[in-house]
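Asker: Sequence and predicted structure are below.
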Amino acid sequence: MHRSELQNAESGAGPRRLAERFRATRALTEALVAPLSDADASIQSMEDASPAKWHLAHTTWFWETFLLREHAPGYRLHDERWPFLFNSYYEAEGARIARAARGMLSRPTLAEVLAWRGQVTEAMEPLLADPALSDLIALGIAHEEQHIELLLTDIKHALFQNPLGPAMWEREAPPAAAQVDAPGWHTHPGGIARVGHQAEGFAFDNEGPRHRVLLEPFALADRLVTNGEWADFIADGGYADARLWLADGWGWVQQNAIAAPLYWREDGAHFTHRGWQARDPHAPVTHISHFEADAFATWAGARLPTEFEWEAIARGQDGATSAPAHDPAGGNQLGGAAPPLPAGSAGLFGDCWQFTRSAYLPYPGFRVAEGAVGEYNGKFMSGQVVLRGASCATVRGHSRPSYRNFFYPHQRWQFTGLRLAKDA
Ligand SMILES: [Fe+2]
């Protein structure tokens, strides 16, 4: 893998800032697992989710494989057998255990994985100051930040399986969200918009090339849909009315007897990192699938935005008013080892990833990079939908206006939510 294979350089940040971010990211991953036992950290609740211990190890495998093995003179792998355990999906890096079998790894122990992490973090120190490696290091940090979010959503799903409803953090619930009014609207007159990542700063390859799109006049809600509004949708028979649903969505509802968001209980509680808690009707609804988001939007007489409409508003191309851009590091995002929970915040970023109606496809001119890093995004551009923004479990500073998250339309264990759009 070579530097030139990365689409975008970490041009804005100096090596010292990069080194600080590297250390902070490694430390945050470890701080998040501090409340977990070895058993908590080793179980796998479904194929989509990985054990917390596996995330700790896989992110370490990434640094060992792409940085230390390639660029640290004389570096020897901590254990020659471990790449088979902790490679995720990189075909170029060889065979690996089945994804669904990650929960079978009772060994190495959590303590052994944490010790390996410490060694790899330390071995990285001399490389952090090398400007020739800054692009790869920026990629490795962004990669570990993505796994921090997955670690949080995966352990939530695992703890939810336990009838005792264990809390990851025994903390008091946050204050209730403020009463919300009917949403206001960001309006856009339509026209040619420029979307995609610009040259400055790190971005994943799937965010470019920057290009033009044609928008018709539209409006985007200035807040997310809430738990209370979702309860109205349920009370109105939303899950039982085939007319509201995409055909694939209706089949999914029927087949899986879906009648509420994931983690909802009929008594008004939902499962959180603090265990079972009362739902706040004014907080944004979360853990919904694309199918559910689409059905709700139809029920509400609206629709989901396209990813380009969303980006145009996020960039501040807010019609004739040229409103200021929304702060990608603003809103309710992860700032440390604390339980993430949507709370309702202003701006386009934070609380929940927001479904769009856009298929996850390559932009005009997109080319898959050569080498293992080329397997990062491009090969997943089939059958998935784009989500925009950032969630309460996204490391603050990770997202951008051009950031494209993507999941299959039935998946809902991430902090997913929706913001309505409509034709003007
Ligand atoms: Fe990964």
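Answerer: Now that the structure is in, tell me what you want to look at.
Asker: Output the below-cut-off pLDDT ranges for this protein.
Answerer: Along the chain, the model assigns pLDDT under 70 to residues 1-13, 199, 318-324, 372.
Asker: which strand is the longest one in it?
Answerer: strand 353-359 (DSSP state E).
Asker: list the helices and strands the very next helix or strand once past that one packs on?
Answerer: Later in the chain than strand 353-359, the nearest helix or strand by DSSP states H and E is strand 385-389. Contacts defined by 3 or more Cβ pairs under 8 Å, 6 or more residues apart in numbering; DSSP states H and E place strand 385-389 against helix 307-314, strand 353-359, strand 405-407. Where you see a C-beta, it was placed from the backbone N, CA and C, and this is true even at glycine.
Asker: 10 Å - rerun?
Answerer: Applying 3 or more Cβ pairs under 10 Å, 6 or more residues apart in numbering; DSSP states H and E, one finds that strand 385-389 contacts helix 290-299, helix 307-314, strand 353-359, strand 405-407, strand 416-417.
Asker: okay, the ones you listed in JSON lines with mean neighbour count next?
Answerer: Below are the helices and strands packed on strand 385-389 laid out as JSON lines (neighbours: other Cβ atoms under 10 Å):
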{"stretch": "helix 290-299", "mean neighbour count": "24"}
{"stretch": "helix 307-314", "mean neighbour count": "26"}
{"stretch": "strand 353-359", "mean neighbour count": "24"}
{"stretch": "strand 405-407", "mean neighbour count": "22"}
{"stretch": "strand 416-417", "mean neighbour count": "26"}
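Asker: what about the helices in this protein?
Answerer: For the chain, applying DSSP state H gives helices covering 15-33, 38-42, 52-63, 69-71, 82-86, 110-124, 134-160, 227-235, 247-256, 290-299, 307-314.
Asker: Mind putting those helices into CSV with distance to Phe407?
Answerer: Below are those laid out as CSV (distance: least, Cβ to Cβ, whole Å):
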stretch, distance to Phe407
helix 15-33, 21
helix 38-42, 24
helix 52-63, 17
helix 69-71, 31
helix 82-86, 23
helix 110-124, 27
helix 134-160, 11
helix 227-235, 19
helix 247-256, 14
helix 290-299, 7
helix 307-314, 13
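Asker: Nearest to Ala424, out of those?
Answerer: Closest to Ala424 of the helices of the chain, according to Cβ to Cβ: helix 307-314, at 10.7 Å.
Asker: shouldn't Phe233 be in contact with Trp245?
Answerer: No: Phe233 lies out of contact with Trp245 (Cβ atoms under 10 Å); the separation is 12.0 Å.
Asker: what do these two both touch?
Answerer: Counting by Cβ atoms under 10 Å, 6 or more residues apart in numbering, the common neighbours of Phe233 and Trp245 are Tyr239, Glu292, Ala295, Trp299.
Asker: Between these, which sits nearest Pro183?
Answerer: Minimum distance to Pro183 across the shared contacts of Phe233 and Trp245 is 15.0 Å, recorded for Trp299 (Cβ to Cβ).
Asker: I'd say Gly191 and Glu309 touch.
Answerer: No: if you go by Cβ under 10 Å, Gly191 and Glu309 don't touch, sitting 11.9 Å apart.
Asker: Pull up the overlap in contacts between those two.
Answerer: By Cβ under 10 Å, 6+ apart, the residues touching both Gly191 and Glu309 are Val213, Leu215, Glu216.
Asker: which residues sit in contact with the first one?
Answerer: I take that to be Val213. Residues near Val213 by Cβ under 10 Å, 6+ apart: 191-196, 306-309, 311-312, 363-364.
Asker: one more time with 7 Å, if that's ok
Answerer: By Cβ atoms under 7 Å, 6 or more residues apart in numbering, the residues touching Val213 are Ala193, Val195, Phe308.
Asker: Serialize the residues you listed to CSV and add fields for distance to Ala129.
Answerer: Converted to CSV, the contacts of Val213 look like this (distance: Cβ to Cβ, whole Å):
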residue, distance to Ala129
Ala193, 40
Val195, 35
Phe308, 39
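Asker: quick one: which of those residues is nearest to Leu128?
Answerer: Val195 (33.0 Å).
Asker: Report the separation between that closest one and Pro163.
Answerer: With distances taken as Cβ to Cβ, to the nearest Å, Val195 is found 46 Å from Pro163.
Asker: out of the two, which sits in the more crowded spot?
Answerer: Set Val195 next to Pro163 and count neighbours by other Cβ atoms under 10 Å: Val195 wins out with 24 against 6.
Asker: surely that one meets Thr306?
Answerer: No: using Cβ atoms under 7 Å, Val195 makes no contact with Thr306, being 9.9 Å away.
Asker: What residues sit buried inside stretch 217-232?
Answerer: Residues of stretch 217-232 classed as buried by neighbour count (16 or more other Cβ atoms under 10 Å): 218-221, 223-231.
Asker: Next: stretch 325-337.
Answerer: His326, Pro328, Ala329, Gly331, Asn332, Gln333, Leu334, Ala337.
Asker: now stretch 408-424
Answerer: Using 16+ other Cβ under 10 Å as the test for burial, stretch 408-424 gives 409-410, 412-422.
Asker: Same list (those residues) but as a markdown table, adding distance to Phe202.
Answerer: Shown next, in a markdown table, are these (distance: Cβ to Cβ, whole Å):
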| residue | distance to Phe202 |
| --- | --- |
| Pro409 | 29 |
| His410 | 31 |
| Arg412 | 29 |
| Trp413 | 27 |
| Gln414 | 22 |
| Phe415 | 23 |
| Thr416 | 24 |
| Gly417 | 26 |
| Leu418 | 28 |
| Arg419 | 26 |
| Leu420 | 31 |
| Ala421 | 29 |
| Lys422 | 34 |
